[in-house]
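1. Here is a sequence together with a model predicted from it:
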Number of protein chains: 2
Amino acid sequence: MGEFELIARHFTRAAPAGGAVVLGVGDDCALLQPTPGHQLAISSDMLVEGRHFFAGAEPEALGHKALAVNLSDLAAMGARPLGFTLALALPAADEAWLAPFARGLLALADAQACPLVGGDTTRGPLTISLTVFGEVLPGRALRRNAARAGDDLWISGRTGEARLALALRRGEPWARGDLAEVQERMDRPMPRLALGQALAATEGVRAALDVSDGLLGDLGHILKASGVGAEIETAALPLAPALRALDDQHRLDCLLAGGDDYELLFTADASAHEAVLAAGTASATAVTCIGRITPADGGMLVLDRDGTPLPLARHGFDHFAD
Amino acid sequence: MGEFELIARHFTRAAPAGGAVVLGVGDDCALLQPTPGHQLAISSDMLVEGRHFFAGAEPEALGHKALAVNLSDLAAMGARPLGFTLALALPAADEAWLAPFARGLLALADAQACPLVGGDTTRGPLTISLTVFGEVLPGRALRRNAARAGDDLWISGRTGEARLALALRRGEPWARGDLAEVQERMDRPMPRLALGQALAATEGVRAALDVSDGLLGDLGHILKASGVGAEIETAALPLAPALRALDDQHRLDCLLAGGDDYELLFTADASAHEAVLAAGTASATAVTCIGRITPADGGMLVLDRDGTPLPLARHGFDHFAD
């Protein structure tokens, strides 16, 4: 048995009883049995060393994050996970790396009932490619193009901590605070799967996506796809304690343009306000109304405490673009 | 718009009407609607430059082959393709490479009604990661573990030409013949999708897989998974004209251990002989009975014209192992 077959065995688990997996790793294909009447939601991500993670990144956190960011796409559609495949290129079969990587990956897979069903392992520059599958009832998937003027704009959890963690790790001069308080938000994001499914089942919830590149940038995708505008009230943005020590500008930059948040940004009819709060409660996830959807000609406005629009360009929301 | 968004647009097509694709590229997930009552078959492959293909490989053929080898896994299960995702790491957004790669990839996708539904593009060492999805009726997937003693052993098409093409390209001293006659078999394998689906619908067809690593090596996977043995009659092996000029040993090596064939190797009850031939005819694919499945203690025997077992180890069927 070659070293890469050994690796493959490292990732092989018995399929969980009662799940959708009819046949897991080991044949030409995996076989899944989706719930009758459901649609399949699919997302692929590729992570390359030196681009998406540092060479030498802690492998257990990397295994967690590789799956988490992909599951976050399922969450954003309101889909329930069925399973995933992993294609992995490795410079060498290094057990000291593989064991914690598999541990981090499979712990999240277990926690979210999303088993590894197949994949491929090969020698090459460290590259992690995942494809996740989920299911959702026809017509219930939360798409980017469904926002309507008048909708409330909501965010799950809170944004900005991952960006602060990155700044503290890099030693950026404006960063204040204790890395230990925020680094989990960067290293181990938790996909908002329960909330996404609860929202997909809630009448009046319309568009959604997951915030991976910064709240404003990702909001722009909803606005473009839906042909609408939006207003955000900065006073309404949920503020992590760790962000309080920052100066106003960098705090707002972290909140609105930080990236790596993996929160759900979604819109809902104003009449669904209580139902959205209930979906948050049912999924044990904080949800906060942070503004509203406007007609397209309203553009994207960020309002300060007095309701005055902030000058977005002057405010430098592309600080972190690279 | 960044160069990688431009690339993504290069691969974006409208989903074909009447297919399973509800939502293609552009949202958090793609959405597919499988046929009610079917199971989902999934396979992932990763191809790394310098390992699975030469640096400088012709990009149109590479696009074709990357999808072909993945579709071959669907064929081996008897599944009908629904769609695929592509994750692509590229050193740079080189249009002169991307245009023909996308052309080769999407031409096969169109021909096999398997649309690209999503994926990811990033900068990195050239790495191609595909995941294909297909569907099959419950209980009809052709698995490796279903062979029974007494089954006939069948192969589609013919083996060995891709290995001869590789040898001619490399200038291996034993190789004879015209590269132009065989290089398509190496560069543009055609997945046996129509045959696989016809076989999955044929009573009495049991185990199957696709031959990618050489006929004997892949047969070994069926024998191990099914707990059986097999006898192959060398006189029955379909022989490509290009292989006739080779010496006996290298001809047999190409036939039995060549690799990169992407033919279907399958077993069927002897009573299904005519039905298997009919499945071949219906799918316009040659099928040849090349031996039979035996009890496990029979091991794997390769019989010469007189029915005498060839000494496999002495014959050197691991010549090409690396």
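-> Nice, thanks for sending it over.
2. Of all the residues in the stretch 201-322 of chain A, which one is nearest chain B?
-> Taking Cβ to the nearest Cβ, chain B has its nearest neighbour within the stretch 201-322 of chain A at A:L209, 5.5 Å off. (Each C-beta comes from the backbone N, C-alpha and C, glycine too.)
3. and the stretch 151-300 of chain A, which residues reach chain B?
-> Contacts of the stretch 151-300 of chain A with chain B, taken as Cβ under 8 Å from any Cβ of the partner chain, map to A:A208, A:L209, A:D210, A:A225.
4. again, only using 10 Å
-> Contact residues (Cβ under 10 Å from any Cβ of the partner chain) of the stretch 151-300 of chain A with chain B: A:G196, A:A207, A:A208, A:L209, A:D210, A:S212, A:H221, A:A225, A:L264.
5. Show me the helices in the stretch 51-200 of chain A, by range?
-> In the stretch 51-200 of chain A, the segments counted as helices under DSSP state H, counting those that start in this stretch are A:59-77, A:95-111, A:161-170, A:179-187, A:193-200.
6. The residue of the stretch 201-322 of chain A closest to chain B belongs to a strand?
-> Yes - assigned with DSSP: H, G, I helix; E, B strand; the rest coil, A:L209 falls within a strand.
7. neighbours around the closest residue to it other than its chain neighbours, how many?
-> Nearest non-adjacent residue to A:L209, counting by Cβ to Cβ, 6 or more residues apart in numbering or on different chains: A:A76, 4.9 Å away. By other Cβ atoms under 10 Å in any protein chain shown, 34 other residues sit near A:A76.
8. Return the residues in contact with A:A76.
-> A:41, A:43, A:141-144, A:191-193, A:196, A:199, A:207-212, A:218, A:262-266, B:27-29 (Cβ atoms under 10 Å, 6 or more residues apart in numbering or on different chains).
9. remind me which residues of chain A are low pLDDT?
-> A:1-4, A:6, A:14-16, A:313-322 (pLDDT under 70).
10. ok, A:T131 touching B:T131?
-> Yes - between A:T131 and B:T131 there is a contact at 4.1 Å, judged by Cβ atoms under 10 Å.
11. most surrounded residue in the residues of the stretch 151-300 of chain A next to chain B?
-> A:G196 (34 neighbours).
12. Quick check: that one vs B:L256, distance?
-> 51 Å (Cβ to Cβ, to the nearest Å).
13. OK, contacts around A:S43?
-> Contacts here follow Cβ under 10 Å, 6+ apart; on that basis A:S43 touches A:69-74, A:76-77, A:79, A:84, A:130-134, B:27-30, B:85, B:117-120.
14. Can you report how many residues lie near A:A270?
-> Using other Cβ under 10 Å, A:A270 is surrounded by 11 other residues.
15. And A:G217, by the same measure?
-> A total of 17 residues lie near A:G217 under the criterion other Cβ under 10 Å.
16. again, but for A:D306
-> As a measure of burial, A:D306 has 6 neighbours, counting by other Cβ under 10 Å.
17. that's a strand at it, yeah?
-> No - assigned with three-state DSSP, A:D306 falls outside any strand and is coil.
18. Centre of the chain to stretch A:149-164, how far?
-> 12 Å (Cα atoms, centre = their mean, to the nearest Å).
19. Over to stretch A:193-208?
-> Mean-position distance between stretch A:193-208 and its chain equals 15 Å (Cα atoms, centre = their mean).
20. Span of that stretch from start to end?
-> Stretch A:193-208 has its terminal residues 13 Å apart, counting by Cα to Cα, to the nearest Å.
21. buried stuff in it?
-> Buried residues in stretch A:193-208, defined by neighbour count with 16 or more other Cβ atoms under 10 Å in any protein chain shown: A:193-200, A:202, A:204-208.
22. From the contacts of A:S43, list the buried ones, please.
-> Buried among the contacts of A:S43 (16+ other Cβ under 10 Å): A:69-74, A:76-77, A:79, A:84, A:130-134, B:27-30, B:85, B:117-120.
23. domain parsing for chain A?
-> Structurally, chain A divides into domains by automatic domain parsing as follows: A:3-136, A:144-306.
24. now, the most widely separated pair of the buried residues of stretch A:193-208?
-> Within the buried residues of stretch A:193-208, A:L193 and A:G204 form the most distant pair, 20.5 Å apart (Cβ to Cβ).
25. now the strands for chain A?
-> Secondary structure of chain A (DSSP state E): strands at A:21-23, A:30-32, A:39-48, A:80-90, A:116-123, A:127-136, A:152-156, A:205-211, A:228-233, A:263-268, A:287-295, A:300-303.
26. Which among the ones you listed is found nearest to B:G299?
-> Taking Cβ to Cβ, strand A:21-23 is the member of the strands of chain A nearest to B:G299, at 26.8 Å.
27. neighbouring strands for the closest one, and are they parallel or not?
-> Strand pairing for strand A:21-23, determined by DSSP bridges: strand A:30-32 (antiparallel).
28. what's in contact with the strand it pairs with?
-> Strand A:30-32 is contacted from outside by A:15, A:19-24, A:40, A:82-85, A:115-119, A:133, A:135, B:34, B:39-44, B:73, B:77, B:79, B:133-136, B:138, B:141, B:143, using Cβ under 10 Å, 6+ apart.
29. Stretch A:243-255 too?
-> A:155, A:158-167, A:172, A:174-178, A:182, A:214-216, A:232, A:234, A:237-240, A:242, A:258, A:261, A:290, A:302, A:304, A:310, A:315-320.
30. buried residues in it?
-> A:L243, A:L246, A:H250, A:R251, A:L252, A:D253, A:C254, A:L255.
31. ditto for stretch A:286-296
-> Counting neighbours by 16+ other Cβ under 10 Å, stretch A:286-296 gives A:V287, A:T288, A:C289, A:I290, A:G291, A:R292, A:I293, A:T294 as buried.
32. thought the last one was touching A:S226?
-> No - the pair formed by A:T294 and A:S226 falls short of the contact definition of Cβ under 10 Å, at 11.2 Å.
33. who touches both of those two?
-> Here A:T294 and A:S226 have A:A149, A:D151 as joint contacts, going by Cβ under 10 Å, 6+ apart.
34. Counting neighbours, what do you get for A:G157?
-> A:G157 - counted by other Cβ under 10 Å - has 22 other residues nearby.
35. Tell me how far it lies from A:A75.
-> For A:G157 relative to A:A75 (Cβ to Cβ), the value is 12 Å.
36. Overlap in contacts, the two.
-> A:M190, A:R192, A:L195, A:Y262, A:E263, A:L264.
37. got a list of what A:E60 touches?
-> Applying Cβ under 10 Å, 6+ apart, one finds that A:E60 lies in contact with A:W97, A:A99, A:P100, A:F101, A:A102, A:R103, A:G104, A:L105, A:A107, A:D187, A:R188.
38. is it true that the fourth one touches A:A61?
-> Right, A:F101. Yes - at 9.4 Å, A:F101 counts as touching A:A61 under the criterion of Cβ under 10 Å.
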